[in-house]
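Enquirer: just the structure for this:
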Amino acid sequence: MISKLPTLNPLDRRLNVLDGNGNKVLTKGKPARIKVAFTELREKPQRDCAIDTQLMFGEDVEVHAENNGWALVQAQRDRYVGWLEAKTLEYDYSPVTHLVSVPRTFLYPQADMKLPHKGMRSLGSGLVVVGEETRRGTDYKLLETGEAVIAKHIRPINEHESDYVAVAETLIRTPYLWAGTTAFGFDCSGLVKLAMFMCGQNVLRDSDMQAATIGEEIDAGESFENAQRGDLIFWRGHVGIAQGEGLLLHANGNSMDATSEPLLPAIERIAYLYEKPTGVRRV
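Expert: Numbering: from 1, shown residues only. As a prediction, the model looks like this:
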């Protein structure tokens, strides 16, 4: 197949803090961290502006400006730049010690799962653990914020999964959400970003960025016979994960969730509206 993969613009506004003349701002911003389950990042500081992406609890950012309750930030995991509500940030915090390692988990007011939960956290959320407790045979980790979480649902921040496809497979049937990046809902590139993050890889956010930067481009063959498990298949504005055995795993607007389906029929269906794949990359 003929490659049509994009290249990365070094002054892309999604990856750079730019001044009024379109020049890159080189000064570092003020460190801060996301303190809510997840928050939305927008191109402009206004609620009626379309959402670009999401940041989740425990993610670090640099704050470059503030304007009427909004903050211009650059995320540290994927370098994304945009405006979010300033009330979702905290400036006084301890280093993250653990990450949520299951699709979703609950926070309890103390080490007791029978109590009403106080909130939820997505896979990949950063937590600060300060202690542990066992009650009725269940192990809990105690958090700096005062809550408790099931110990089996988190892992130390320096431990990683080894197979990002296996991580993505645990998220099948998660709802499709445009601009979503959490296990409560994500889009096609949000799924790739989240699954790879759990394997220690901080990849860029959007599908065009991923198509320009992840892994090595390969020739998958006219019928994608050379595609292997873990290869990323890119369309213009879409990305899917080759599962092997002729299957494709992707978050998509057709089923409105993360779905595993036969690769070649999916290619034909998508091509009807969005052309055929632009290229394939091996991670």
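
Enquirer: for the longest helix that the chain contains, buried residues please.
Expert: Taking DSSP state H as the criterion, the chain has its longest helix at helix 263-274. Under the neighbour-count criterion of 16 or more other CB atoms under 10 Å, helix 263-274 has Leu263, Ala266, Ile267, Ile270 buried. For glycine as for every other residue, the C-beta is placed from the backbone atoms N, C-alpha and C.

Enquirer: count of residues packed around Arg281?
Expert: Residues near Arg281, counting by other CB atoms under 10 Å, number 22.

Enquirer: contacting residues around it?
Expert: Arg281 sits next to Leu5, Gln210, Ala211, Ile214, Gly215, Glu216, Glu217, Ile218, Asp231, Leu232, Phe234 when contact means CB atoms under 8 Å, 6 or more residues apart in numbering.

Enquirer: for it, which non-adjacent residue is closest in space?
Expert: Gly215 (4.3 Å; CB to CB, 6 or more residues apart in numbering).

Enquirer: same question, Val149
Expert: Distance criterion CB to CB, 6+ apart; nearest residue to Val149, sequence neighbours excluded, is Lys141 at 5.4 Å.

Enquirer: secondary structure element for that neighbour?
Expert: Using DSSP states H and E, Lys141 sits in strand 138-143.

Enquirer: in its sheet, what does that strand sit against?
Expert: Here strand 138-143 has these sheet partners by DSSP bridges: strand 129-135 (antiparallel), strand 148-150 (antiparallel).

Enquirer: ok, back up a step: who does the next helix or strand along the chain from the longest helix of the chain pair up with?
Expert: As assigned by DSSP H and E, the chain's next helix or strand after helix 263-274 is strand 279-282. Sheet pairing here is set by DSSP bridges, and for strand 279-282 it gives strand 216-218 (antiparallel), strand 232-235 (antiparallel).

Enquirer: so which residues make contact with the last one?
Expert: For strand 232-235, the surrounding residues in contact (CB under 8 Å, 6+ apart) are 5, 192, 207, 210-211, 214-215, 220, 224, 227, 239-242, 248, 263, 270, 274-283.

Enquirer: which element follows it toward the C-terminus?
Expert: Downstream of strand 232-235, the first helix or strand assigned by DSSP H and E is strand 238-244.

Enquirer: ok now that following strand, how far from the chain's centre?
Expert: 16 Å (CA atoms, centre = their mean, to the nearest Å).

Enquirer: strand partners (parallel or antiparallel) of it?
Expert: Paired neighbours of strand 238-244 in the sheet (DSSP bridges): strand 232-235 (antiparallel), strand 247-252 (antiparallel).

Enquirer: give the contact list for Gly185.
Expert: Per CB under 8 Å, 6+ apart, neighbours of Gly185: Thr174, Pro175, Tyr176, Leu177.

Enquirer: redo those residues as TSV? Include distance to Pro31 and pLDDT.
Expert: Converted to TSV, the contacts of Gly185 look like this (distance: CB to CB, whole Å; pLDDT from 0 to 100):
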residue	distance to Pro31	pLDDT
Thr174	31	98
Pro175	32	98
Tyr176	33	98
Leu177	28	98
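
Enquirer: is there a quick ChimeraX command that grabs whichever of those residues are buried?
Expert: This is how ChimeraX selects the buried members of the contacts of Gly185, with burial counted by 16+ other CB under 10 Å:
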select :174,176,177
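
Enquirer: please consider this matter closed, and thank you.
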